[in-house]
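In: Just a sequence and a predicted model for now, questions to come.
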Amino acid sequence: MSAHAIAAEMRAKIRAERRRRRCGDQAAELEARDTFCAQLEHGLNDLVRAIGTSEGLSLRVGERVFGRRVVSVVTRERALPRRVARG
């Protein structure tokens with residue numbers, strides 16, 4: 001699904017939840033609200049995955065500017081841990 005389709009689906013769920021008639025049973029109301037929040041969270045996770053990571057937050061090698069700061073991401077080789085001889 002595209003990001004627009006996911007956002008439209010989430011918008012429809014929110015509108016449907018607003019229109020839903022409130023019942024007198026508090027336990028049923030809380031259960032319905034928990035289910036709705038779980039569905040909304042799942043939709044948001046799908047939306048974030050569809051949008052992707054913004055360039056500023058990615059770990060791509062290079063320089064980025066955040067306000068007045070210049071941040072550079074570099075690759076470096078991993079150092080092997082030294083082994084200590086036990087005697």
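Out: Ah, there it is.
In: Now do residue 37 against residue 65, distance only.
Out: Separation of residue 37 from residue 65 (Cβ to Cβ, to the nearest Å): 37 Å. Backbone N, C-alpha and C define where each C-beta goes, glycine included.
In: swap in residue 80?
Out: 35 Å.
In: Look at those two and report which has more neighbours.
Out: residue 65 (9 against 6; other Cβ atoms under 10 Å).
In: Low-confidence ranges, this protein, go.
Out: Confidence mapping of the chain against pLDDT under 70 gives the ranges 1, 21-24, 53-59, 87.
In: what ranges do the strands span in it?
Out: 62-66, 69-73 (DSSP state E).
In: In a markdown table: the ones you listed, plus distance to residue 31.
Out: A markdown table is the format used below for the strands of the chain (distance: least, Cβ to Cβ, whole Å):
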| stretch | distance to residue 31 |
| --- | --- |
| strand 62-66 | 43 |
| strand 69-73 | 46 |
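In: who's in contact with residue 7?
Out: residue 47 (Cβ atoms under 8 Å, 6 or more residues apart in numbering).
In: how close does it sit to residue 48?
Out: 11 Å.
In: same deal with residue 29?
Out: 29 Å.
In: for residue 65, same thing?
Out: For residue 65, the distance to residue 48 - Cβ to Cβ - is 24 Å.
In: now for the single longest helix found in the chain, which elements pack on it?
Out: Ranked by residue count, the top helix of the chain under DSSP state H comes out as helix 26-51. Where contact means 3 or more Cβ pairs under 8 Å, 6 or more residues apart in numbering; DSSP states H and E, helix 26-51 is packed against helix 3-19.
In: Could I get the buried residue list for the helix it packs on?
Out: Buried residues in helix 3-19, defined by neighbour count with 16 or more other Cβ atoms under 10 Å: 6, 7, 10.
In: Now tabulate the residues you listed in JSON lines and tack on distance to residue 73.
Out: Shown next, in JSON lines, are the buried residues of helix 3-19 (distance: Cβ to Cβ, whole Å):
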{"residue": "6", "distance to residue 73": "29"}
{"residue": "7", "distance to residue 73": "30"}
{"residue": "10", "distance to residue 73": "33"}
